[in-house]
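Colleague: Give the three-dimensional model of this entry:
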Amino acid sequence: MASTGGPAGREEFRFRRIEKPEEFRAVEELQREAWGMSTEPPVPTALQRATQDNGGLVLGAFTDIYLAGFTLGFLGWDGEALYHYSHMTAVRPPYQNHHLGFRLKSFQRDEVLRQGLATIRWTFDPLQSRNAYLNLRRLGARPDRYLVHYYGQLDSEVNRGLETDRVRVIWELKRPEVEQRLAGQLPTADADRKRWEASTPLVTTEPSDSGLRVPTVVAEPTGGPSHLEIPFDLALVRQHEPAKLRIWRHAVRDALRAAFDLGYTVDDFAVVSAEHERRSFYFLTPPDASRPGTTPT
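Modeller: Purely as a prediction, here's the structure:
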């Protein structure tokens, strides 16, 4: 892929396959940095090379020769369909304001389409607002399954003290809505606010003494459009209200599992400004209901 630059004043990046042993070792280093790994081992160089040379993809974003971010995945098979499984994507902190995660996933999409595949799957922590925004809002991927304590206990900083629940997302690469999202055709802030106000909360929250919101009531969907709140910044909860991490985990787990059991679809994610605070919400549509429009209104 040719050099891909952003607006003036932003770094120039080159997106390509990882090739050299020292580049694979840089991917190991970036894993440790991104997730705060101490005792957890990264995906090692030898396995990365085997993945790259046998149908998988280890892709990097470089500024000069410096690895700023990567994504790693491999071929998956569920007994019916062949797809690409994206195991991990990470960006170094100094480059996280360059939309590099979005650009890496877009490059990954191009490479997977060249392989003749039409779908990418991956998992992410449903409490992570930044990841939910990228995966659902910007990329147009859609969750289809809730996985309880998927990896067991992990000792990395971003997972310590929290059960490793994940949602699986399906990214249908040629779906028109995906192409619209990739082109930047997103619902407006006003449309998001109206949708939030017109839907029913699955998790009711109240500000705690620290000012951070905490779940107080969890409800099942009642048949109409719903929304599900998560922390706007999970790192702040970990820092100021660590005892509330478990409350958040179980509230979102109970609400999303109930919604999936009832046939609901999580079809978008938005950050809504309300009363001088920013709040993060999944939007859910009941079964057999028409999905809302995806172009700006």
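Colleague: And the residue of the chain most remote from its centre, how far from residue 243?
Modeller: No residue in the chain sits farther from the centre than residue 209, which is 29.3 Å out by CA atoms, centre = their mean. Counting by CB to CB, to the nearest Å, the gap between residue 209 and residue 243 amounts to 12 Å. For glycine as for every other residue, the C-beta is placed from the backbone atoms N, C-alpha and C.
Colleague: if we can go back for a sec, quick one: classify the residue farthest from the centre of the chain as helix, strand or coil.
Modeller: Per DSSP: H, G, I helix; E, B strand; the rest coil, the secondary structure class of residue 209 is coil.
Colleague: tally of neighbours for residue 183?
Modeller: Counted with other CB atoms under 10 Å, the neighbours of residue 183 add up to 8.
Colleague: what's the distance between it and residue 147?
Modeller: 31 Å.
Colleague: swap in residue 45?
Modeller: For residue 45, the distance to residue 147 (CB to CB) stands at 28 Å.
Colleague: out of these two, which sits in the busier spot?
Modeller: It is residue 45, of residue 45 and residue 147, that has more neighbours when counted by other CB under 10 Å, with 17 against 13.
Colleague: how about the residue nearest to the more buried one when sequence neighbours are not counted, what does it touch?
Modeller: Computed as CB to CB, 6 or more residues apart in numbering, the closest residue to residue 45 that is not its neighbour in sequence is residue 24, at 4.1 Å. Applying CB atoms under 8 Å, 6 or more residues apart in numbering, we find residue 24 in contact with 18, 45, 48-49, 58.
Colleague: Let's see which of those residues end up in strands.
Modeller: Residues of those located in strands (DSSP state E): residue 58.
Colleague: just the strands in this protein please.
Modeller: Using DSSP E, strands in the chain cover 4-5, 12-17, 57-63, 66-77, 82-91, 119-124, 142-147, 166-172, 200-201, 203-207, 213-218, 226-230, 265-274, 277-285.
Colleague: Of those strands, which is nearest residue 159?
Modeller: Shortest distance between residue 159 and the strands of the chain, using CB to CB, is found for strand 166-172: 10.7 Å.
Colleague: Which strands border that closest one, and is each parallel or antiparallel?
Modeller: Sheet pairing for strand 166-172, assigned by DSSP bridges, gives strand 119-124 (antiparallel), strand 142-147 (antiparallel).
Colleague: Dump those into a markdown table; add distance to residue 65 and mean pLDDT as well.
Modeller: Putting the strands paired with strand 166-172 into a markdown table (distance: least, CB to CB, whole Å; pLDDT from 0 to 100) gives the following:
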| stretch | distance to residue 65 | mean pLDDT |
| --- | --- | --- |
| strand 119-124 | 28 | 98 |
| strand 142-147 | 37 | 98 |
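Colleague: Quickly compare those strands and say which is most buried.
Modeller: strand 119-124 (a mean of 21; mean count of other CB atoms under 10 Å).
Colleague: next one: the longest helix along the chain to chain centre, how far?
Modeller: Ordering each helix of the chain by length in residues (DSSP state H) puts helix 245-261 first. Mean C-alpha position of helix 245-261 versus that of the full chain (CA atoms, centre = their mean, to the nearest Å) differs by 17 Å.
Colleague: One more: stretch 102-113?
Modeller: 15 Å.
Colleague: likewise stretch 88-96?
Modeller: Centroid separation between stretch 88-96 and its chain, computed with CA atoms, centre = their mean, is 13 Å.
Colleague: Just the CA trace of it, in PDB.
Modeller: C-alpha atoms of stretch 88-96 as PDB (Å, rounded to 0.1, in the frame of the first residue of the first chain):
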ATOM      1  CA  MET A  88      -5.300  -8.200  18.100                       C
ATOM      2  CA  THR A  89      -4.800  -4.600  17.000                       C
ATOM      3  CA  ALA A  90      -2.700  -2.100  18.900                       C
ATOM      4  CA  VAL A  91      -1.400   1.400  18.500                       C
ATOM      5  CA  ARG A  92       1.400   3.000  20.500                       C
ATOM      6  CA  PRO A  93       0.000   5.800  22.800                       C
ATOM      7  CA  PRO A  94       1.800   8.700  21.000                       C
ATOM      8  CA  TYR A  95       0.000   7.800  17.800                       C
ATOM      9  CA  GLN A  96      -3.500   7.200  19.200                       C
END
